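Visitor: Quick one, what's the 3D model for this:
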Amino acid sequence: MAPYFRAVLKEEIKKEFSRLSITKSDGTPYDLDRDGLKIYTTINMSMQQYAEDAQKEWMKSLQVKFNAQWKSRDAFKGANVKLLTTG
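Guide: Next up, the predicted model:
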């Protein structure tokens, strides 16, 4: 759950550990995936789940509209590519 939040948090922790020279007792840097550190955040996992569910529902609806608009045309070829990238 919350993959973007976790990825950003992980990078921020790495930066902060480096800035503060926080290392293991042998001087090597912590591996945030393997060293068993517990990190507590203010994220509300129930609200995060609601947000992710809403996003999935919205994307399904949006995909239906996209498919109806483009039907049998390829939206990712030719002049359409410029339209999609510029607005």
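Visitor: ok, the most far-flung residue of the chain relative to its centre to Phe76 distance?
Guide: Residue farthest from the centre of the chain, counting by CA atoms, centre = their mean, is Asp26 at 32.8 Å. The spacing between Asp26 and Phe76, counted by CB to CB, to the nearest Å, is 51 Å. Placement of C-beta: from N, CA and C, glycine included.
Visitor: next one: Ser25
Guide: From Ser25 to Phe76 the distance is 53 Å (CB to CB).
Visitor: Those two - which one has more neighbours?
Guide: Phe76 (9 against 5; other CB atoms under 10 Å).
Visitor: State the distance from that one to Tyr4.
Guide: 24 Å.
Visitor: do Met45 as well
Guide: Using CB to CB, one gets 14 Å for the distance from Met45 to Tyr4.
Visitor: In terms of neighbours, single out the busier of these two.
Guide: Met45 (10 against 7).
Visitor: And the longest helix along the chain, what does it pack against?
Guide: Identified as the longest helix of the chain according to DSSP state H is helix 45-70. Contacts defined by 3 or more CB pairs under 8 Å, 6 or more residues apart in numbering; DSSP states H and E place helix 45-70 against no helix or strand at all.
Visitor: Would you pull up how far it lies from the middle of the chain?
Guide: Relative to the centre of its chain, helix 45-70 is centred 15 Å away, using CA atoms, centre = their mean, to the nearest Å.
Visitor: Just the mean pLDDT for it, thanks.
Guide: Averaging pLDDT along helix 45-70 gives 93.
Visitor: what sits up against whichever strand or helix holds Leu9?
Guide: Following DSSP states H and E, one finds Leu9 within helix 3-19. Here helix 3-19 makes contact (CB atoms under 8 Å, 6 or more residues apart in numbering) with Ile22, Thr23, Pro29, Tyr30, Leu32, Ile39, Thr41, Ile43, Gln48.
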